[in-house]
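Chemist: Predicted structure and sequence below. I'll ask about it afterward.
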Amino acid sequence: MMDEVYPIMLRLGRQRVVVVGGGSIAARKVNGLLQGGAQSVTVIAPQLCEKLQQLADEGSICWQAKRYEKSVLKSAGLVFAATDDRRLNEQISNDALNCDILVCNVSDGEQGSFITPAVARSNELTVAISSGGSSPALVKHMKRELEHNYLPHYDQAQQLLKRLRADVLRTDMNARQRQHLLSLAVSEAVEAAEQPYETWYASLYNRTVQVEGEDAENERENN
Ligand SMILES: C[C@@]1(CC(=O)O)c2cc3[nH]c(cc4nc(cc5[nH]c(cc(n2)[C@H]1CCC(=O)O)[C@@](C)(CC(=O)O)[C@@H]5CCC(=O)O)C(CC(=O)O)=C4CCC(=O)O)c(CCC(=O)O)c3CC(=O)O
Ligand SMILES: NC(=O)C1=CN([C@@H]2O[C@H](COP(=O)(O)OP(=O)(O)OC[C@H]3O[C@@H](n4cnc5c(N)ncnc54)[C@H](O)[C@@H]3O)[C@@H](O)[C@H]2O)C=CC1
């Protein structure tokens, strides 16, 4: 049984990510990293599989054609120990942990400091699913289901609510009014695309101001 885990959404940007190993599992991790916006991925391996070779050829990743040595961890922010040698993966994990670098050990999930969730994406929505290492095949299945049957349903609502929230943040509504308006909007957003944005916005605004007015009146009466 794995310990509890704490999920976060990382902005990797130029952060240096080091992947040790160049096989199919390393390739899957690299793919996820690139999809997640990583701009500096270095792969350390004497040999690369076809997919990684292609990414190296097109300049999407950096390849150092050599065996692991501790110095490759220098200035890394994130490390994947993804060779086919369990003992080496453990060594890499310990080296990284000793330098306070976040590390994932692909041959023993309990050994590193993080594990890789399955990730379902649809536009700006990202859902990360984890079984804490107990069933990777199940989270892979759930990811597919979310991507095909669930997330697309919210695409339009997400775009609409993004615009609405930006507009609302520009008004002089107070935090309570904003919260009221936005939670009202969420309950309507899936259907809201059928009317012009301005009409919907005005309706939300009027209802929020009205409810807030009634609330303030009730408060005065109670005091
Ligand atoms: C702990 C973790 C560490 C980590 O890698 O981060 C880990 C560990 C291990 N996986 C193993 C096996 C498999 N892993 C997959 C698939 C995925 N594995 C992923 C994550 C994780 N795997 C982390 C936990 C995630 C969690 O549960 O929350 C996914 C979600 C994300 C990704 O890899 O990107 C990706 C699916 C997403 C996608 O495809 O999009 C499949 C299915 C398949 O390949 O079809 C199998 C075969 C079936 C099976 O065994 O269940 C083995 C045994 C190796 C051996 O036999 O030697 C270990 C070692 C161990 O158990 O510790
Ligand atoms: N976490 C996960 O999702 C999963 C993990 N696994 C584990 O992942 C391991 C790797 O699997 P694959 O990628 O399929 O293996 P693979 O055999 O395709 O690739 C192994 C890679 O490690 C490299 N390597 C070996 N010794 C090295 C060293 N000293 N320094 C640097 N690189 C070195 C090789 O050059 C090769 O590129 C498996 O042993 C298995 O335990 C397997 C399935 C899923």
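Modeler: That came in fine, so what should we check first? Numbering: from 1, shown residues only. Ligands and ions are numbered 1, 2, ... in the order given.
Chemist: Cross-check the contact I'm expecting between Q111 and I92.
Modeler: No. Using C-beta atoms under 8 Å, Q111 is not in contact with I92; the gap is 9.9 Å. In short, each C-beta sits where N, CA and C put it, glycine included.
Chemist: Between those two, point out the one with more neighbours.
Modeler: Taking neighbours as other C-beta atoms under 10 Å, Q111 and I92 compare with I92 leading, 28 against 19.
Chemist: which non-adjacent residue is nearest that one?
Modeler: A81 (3.8 Å; C-beta to C-beta, 6 or more residues apart in numbering).
Chemist: anything in contact with each of Q111 and I92?
Modeler: Residues touching both Q111 and I92 (C-beta atoms under 8 Å, 6 or more residues apart in numbering): N105.
Chemist: Which positions in stretch 201-218 come out as buried?
Modeler: Buried residues in stretch 201-218, defined by neighbour count with 16 or more other C-beta atoms under 10 Å: Y201, L204, Y205, T208, E212.
Chemist: Which secondary structure state is assigned to the third one?
Modeler: Three-state secondary structure (criterion: DSSP: H, G, I helix; E, B strand; the rest coil) places Y205 in helix.
Chemist: Against ligand 2, how distant is it?
Modeler: Look at Y205 and ligand 2: by C-beta to the nearest ligand atom, to the nearest Å, they are 49 Å apart.
Chemist: The fourth one too?
Modeler: Taking C-beta to the nearest ligand atom as the criterion, T208 is separated from ligand 2 by 47 Å.
Chemist: From what I see, that residue and L184 are in contact.
Modeler: Yes. With contact defined as C-beta under 8 Å, T208 and L184 form a contacting pair (6.8 Å).
Chemist: Any chance of TSV for the buried residues of stretch 201-218, columns distance to G23 and pLDDT?
Modeler: Output for those, formatted as TSV (distance: C-beta to C-beta, whole Å; pLDDT from 0 to 100):
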residue	distance to G23	pLDDT
Y201	52	93
L204	52	93
Y205	56	92
T208	55	92
E212	59	69
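Chemist: In TSV: the residues you listed, plus distance to ligand 1.
Modeler: Listed next are the buried residues of stretch 201-218 as TSV, based on distance: C-beta to the nearest ligand atom, whole Å:
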residue	distance to ligand 1
Y201	38
L204	38
Y205	42
T208	40
E212	43
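Chemist: State the pLDDT value of whichever residue of the chain sits closest to ligand 1.
Modeler: Closest to ligand 1 within the chain is G109: 2.4 Å, counting by C-beta to the nearest ligand atom. G109 is assigned a pLDDT of 94 by the prediction.
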